[in-house]
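In: structure for this input, please:
(2 chains, ligands or ions: 6)
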2 protein chains.
Amino acid sequence: SPKKVKVGTAAEGYDEKKHFEATYETLAKELLEDMKTYRLPANGLAWVEKMLNYTIPGGKMNRGLTVVSSLKSLKKRDLTEEELLHAEVLGWCVELLQAFFLISDDIMDSSVTRRGAPCWYRAEGVGMIAINDAFIVEATIYRLIKKYFRGHAFYADLLDLMHEVTYQTELGQLMDLITAPEDNVDLTRFSIEKYKYIVEFKTAYYSFYLPVALAMMLHGIPADSDSYKQALRVLLPLGEYFQAQDDYLDCFGSPEVIGKIGTDIEDNKCSWLVNQALPLCNAEQRKKLDENYGQRKPENVAVVKQVYAELDLEGLYRNYEEESHAKVMKLIEEIDEKVLPRDMFVTFVKRVYKRNK
Amino acid sequence: SPKKVKVGTAAEGYDEKKHFEATYETLAKELLEDMKTYRLPANGLAWVEKMLNYTIPGGKMNRGLTVVSSLKSLKKRDLTEEELLHAEVLGWCVELLQAFFLISDDIMDSSVTRRGAPCWYRAEGVGMIAINDAFIVEATIYRLIKKYFRGHAFYADLLDLMHEVTYQTELGQLMDLITAPEDNVDLTRFSIEKYKYIVEFKTAYYSFYLPVALAMMLHGIPADSDSYKQALRVLLPLGEYFQAQDDYLDCFGSPEVIGKIGTDIEDNKCSWLVNQALPLCNAEQRKKLDENYGQRKPENVAVVKQVYAELDLEGLYRNYEEESHAKVMKLIEEIDEKVLPRDMFVTFVKRVYKRNK
Ligand SMILES: [Mg+2]
Ligand SMILES: [Mg+2]
Ligand SMILES: [Mg+2]
Ligand SMILES: [Mg+2]
Ligand SMILES: [Mg+2]
Ligand SMILES: [Mg+2]
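Out: Residues are numbered from 1 along each chain as shown, chains lettered A, B, ... in the order given. Ligands and ions are numbered 1, 2, ... in the order given. Purely as a prediction, here's the structure:
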């Protein structure tokens, strides 16, 4: 029988994360070798190497690691070397998809920093070339999938899944962007319904559904199986919580810990916080939000944050976090163990709740 | 036997182009209906409708129409209704791929106009949202291919081909962008070798190889057949000529006719023209190029154009055009008629040579 690889927790003496990171080094080398078959000149190779190194590793890797842990839950045993490699390759495909979105999102949001460094488009000599770099990152996903899965029965299903989730995310980004035009601040445009649409589409599918669905596909669950819908029933609410938390940290998190300076208030974003504030605030507070939300100056941002403090949005968030956790755990209990292992979802929940970065 | 549709020239009483345009209307409606299944809110639908209408139709449609005419050449007869629809769908996929590249290319090149109107990113209220719009346009390619070809034997090959050509184009764009950084003009970076790489990758694969390869796939030629390599042998030189022509028109074409104001000199582009000028110019002319190329001011551009006039680059281009035409016609003669119909290439050549827009 094929050699099994121990993929447990650090406490069990094995570092899942380090193994995943080591596989990145291999894949990055393979991608650069692959570019040589396209006769890419040396300065092009050097550019791509630097760009990948700047934009891909160094994140939390929750999405990518979830492919590995989910496949392990599905198999109910340690993975073989081949299974682990396949899960890690698809895990890195999720991380590449994320990088594709983040490189471009930072341009569209005029963001300044990411993971403790200037956003890629603000790095020396990069600028708008970052747009084409984002495209290249997206394209490498399909280079890897072709290399590792071209002969597999589920190859077309894998491509369909990646395309589908990419599209959903782009539709969510569109709604995020046009609901919050920076040159035309109008808080009446916001609503919890719009907020929920944006969150489901711009975050939940690619960050929560995709890693689990990829593991399910690797496990051989047919693409038309109802199990994928069952998984969505837990993973979309989990994604909704995650984005509320992201919005909370954008304002209340410590920039040194989260690795970026939040700009949601300046960017006029339809954030969880402003959607909580709007139905709670009195006329005077509303006036302050109308006049100060979506403005670039620190003075304006400070006024918005003061209203948030008066409304105790931090306390409100703590309550929401508890309620949301209870709700997701209840949804997991409703999962049919004969269809999907509950611990696959529990592992994911543990990665996400009460993070501070 | 299935109903055949007459797809001839206008002189034969049938307008291939009008039929192709009418199919666009159908496909655009289908894409918007499809977005409703993603629950896209009304303002999102309105945005996408406007964006597609602004960026997709109204071009020359040479690439898209070539899928139709190539399939007709391969079949050596009129197409059935279904064959025509399939060729037109893939033709529009090439046009969508082109729009994806142009929307983003205009941002990266700081271009002002396209097809006689402001570039999409310069349209009222758009700005950097155009980046995500480009992504959506790319994603619609895979929506259409899934809808029309999911059950076909060549579905995975079709996806591989689109991914491959997208990747090649992005590598070409990368070399185009980093060979011509606007903040660091250095003409010694340019060379005919670099020029040829950029042209092959950023233009020839998607504009010349792709439409013909798609028709070949529709015709049932297996993806691993040597015929695709035979086609490349003609289509890459044809693409090289086309880009030289594009570079020529960027400087010497009439903006009213080509629908855009050329910016290659301002953008410090590794253009056919500057690569011709560099080995020909004397010390004084070289100094003028060094000091004025890649500068935004009209005075600088005028000095560059004056050097081009002194070197008679227009006459040089006319010679190159004749030589290039003769070379491509000779390559077509070398094509094995048992493998691929020569008239497929001749039709394409006729669309391309001596265009003025
Ligand atoms: Mg952002
Ligand atoms: Mg954003
Ligand atoms: Mg955020
Ligand atoms: Mg351009
Ligand atoms: Mg360009
Ligand atoms: Mg041009």
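In: ok and the residue in the stretch 51-200 of chain A nearest ligand 1?
Out: At 3.7 Å from ligand 1, A:Asp109 is the closest residue in the stretch 51-200 of chain A, using Cβ to the ion. Every residue, glycine included, has its C-beta placed from N, CA and C.
In: for that residue, which non-adjacent residue is closest in space?
Out: Once flanking residues are discounted, A:Asp109 sits nearest to A:Asp267: 5.3 Å by Cβ to Cβ, 6 or more residues apart in numbering or on different chains.
In: and the residue of the stretch 51-200 of chain A closest to ligand 1, how many neighbours?
Out: A:Asp109 has 20 neighbouring residues, counting by other Cβ atoms under 10 Å in any protein chain shown.
In: do A:Val257 as well
Out: The burial count for A:Val257: 11, using other Cβ under 10 Å.
In: which stretches in the stretch 251-357 of chain A count as helices?
Out: Applying DSSP state H, counting those that start in this stretch to the stretch 251-357 of chain A gives helices spanning A:255-258, A:272-280, A:283-292, A:298-310, A:313-333, A:342-352.
In: quick one: is stretch A:193-204 near chain B?
Out: Yes. Using Cβ under 8 Å from any Cβ of the partner chain, stretch A:193-204 reaches chain B at A:Lys194, A:Tyr197, A:Phe201.
In: out of these, which one has the lowest pLDDT?
Out: Within the residues of stretch A:193-204 next to chain B, A:Lys194 has the lowest pLDDT, namely 89.
In: check which helix or strand covers it.
Out: In this assignment (DSSP states H and E), A:Lys194 forms part of helix A:192-199.
In: tell me which residues of that helix come out buried.
Out: Neighbour counts using 16 or more other Cβ atoms under 10 Å in any protein chain shown place A:Lys194, A:Tyr195, A:Tyr197, A:Ile198, A:Val199 of helix A:192-199 among the buried residues.
In: tell me how far the fourth one lies from B:Gln173.
Out: Going back to what we said before, that points to A:Ile198. Distance, A:Ile198 to B:Gln173, using Cβ to Cβ, to the nearest Å: 30 Å.
In: now do the second one
Out: Between A:Tyr195 and B:Gln173 the distance is 36 Å, computed by Cβ to Cβ.
In: what residues are up against whatever residue of the stretch 151-300 of chain A ends up closest to ligand 4?
Out: Closest residue of the stretch 151-300 of chain A to ligand 4, Cβ to the ion: A:Glu170 (22.8 Å). By Cβ atoms under 8 Å, 6 or more residues apart in numbering or on different chains, A:Glu170 lies in contact with B:Asn132, B:Phe135, B:Ile136, B:Ala139.
In: and of the residues of stretch A:193-204 next to chain B, the nearest to ligand 3?
Out: A:Phe201 (14.6 Å).
In: my guess is A:Gly127 meets A:Trp120, correct?
Out: No. Counting by Cβ atoms under 8 Å, A:Gly127 sits too far from A:Trp120 to count as a contact (9.9 Å).
In: those two: which has the busier surroundings?
Out: Set side by side, A:Gly127 and A:Trp120 show more neighbours around A:Trp120, with 24 against 17, by other Cβ under 10 Å.
In: ok, the more buried one touching A:Met51?
Out: Yes. Counting by Cβ under 8 Å, A:Trp120 does reach A:Met51; the two are 7.0 Å apart.
In: any residues in contact with both of those two?
Out: The contact sets of A:Trp120 and A:Met51 overlap at A:Asp133 (Cβ under 8 Å, 6+ apart).
In: got the angle between the longest helix seen in chain A and helix B:81-108?
Out: Longest helix in chain A by number of residues, with DSSP state H as the criterion: helix A:81-108. Here the directions of helix A:81-108 and helix B:81-108 differ by 60 degrees (axes from the mean of the first three to the mean of the last three Cα atoms, to 10 degrees).
In: how about helix A:81-108 and chain B, any contact?
Out: Yes. Contact between helix A:81-108 and chain B, assessed by Cβ under 8 Å from any Cβ, occurs at A:Ser104, A:Ile107, A:Met108.
In: quick one: low-confidence parts of chain A?
Out: A:1-14, A:182, A:354-357 (pLDDT under 70).
In: residues contacting whichever residue of chain A sits closest to ligand 5?
Out: Using Cβ to the ion, the closest approach of chain A to ligand 5 is made by A:Asn132 at 8.9 Å. If you count contacts by Cβ under 8 Å, 6+ apart, A:Asn132 has them with B:Ser104, B:Met108, B:Glu170, B:Gln173, B:Leu174, B:Leu177.
In: apply 6 Å and report the result again.
Out: A:Asn132 sits next to B:Glu170, B:Gln173, B:Leu174 when contact means Cβ atoms under 6 Å, 6 or more residues apart in numbering or on different chains.
In: now do the SS call for it.
Out: Secondary structure of A:Asn132, reduced to three states by DSSP: H, G, I helix; E, B strand; the rest coil: helix.
In: tally of neighbours for A:Arg63?
Out: 23.
In: export whichever strand or helix holds it as PDB, just CAs?
Out: Assigned by DSSP H and E, A:Arg63 belongs to helix A:62-75. Backbone C-alpha positions of helix A:62-75 (Å, rounded to 0.1, in the frame of the first residue of the first chain) are rendered in PDB as follows:
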ATOM      1  CA  ASN A  62      -5.900  29.400   5.900                       C
ATOM      2  CA  ARG A  63      -7.600  28.800   2.500                       C
ATOM      3  CA  GLY A  64      -4.800  26.600   1.100                       C
ATOM      4  CA  LEU A  65      -4.300  24.600   4.300                       C
ATOM      5  CA  THR A  66      -8.000  23.900   4.400                       C
ATOM      6  CA  VAL A  67      -7.800  21.900   1.200                       C
ATOM      7  CA  VAL A  68      -5.200  19.600   3.000                       C
ATOM      8  CA  SER A  69      -7.100  19.300   6.300                       C
ATOM      9  CA  SER A  70     -10.400  18.800   4.500                       C
ATOM     10  CA  LEU A  71      -9.100  15.900   2.400                       C
ATOM     11  CA  LYS A  72      -7.700  14.300   5.500                       C
ATOM     12  CA  SER A  73     -11.100  14.600   7.200                       C
ATOM     13  CA  LEU A  74     -12.800  13.100   4.100                       C
ATOM     14  CA  LYS A  75     -10.300  10.200   4.000                       C
END
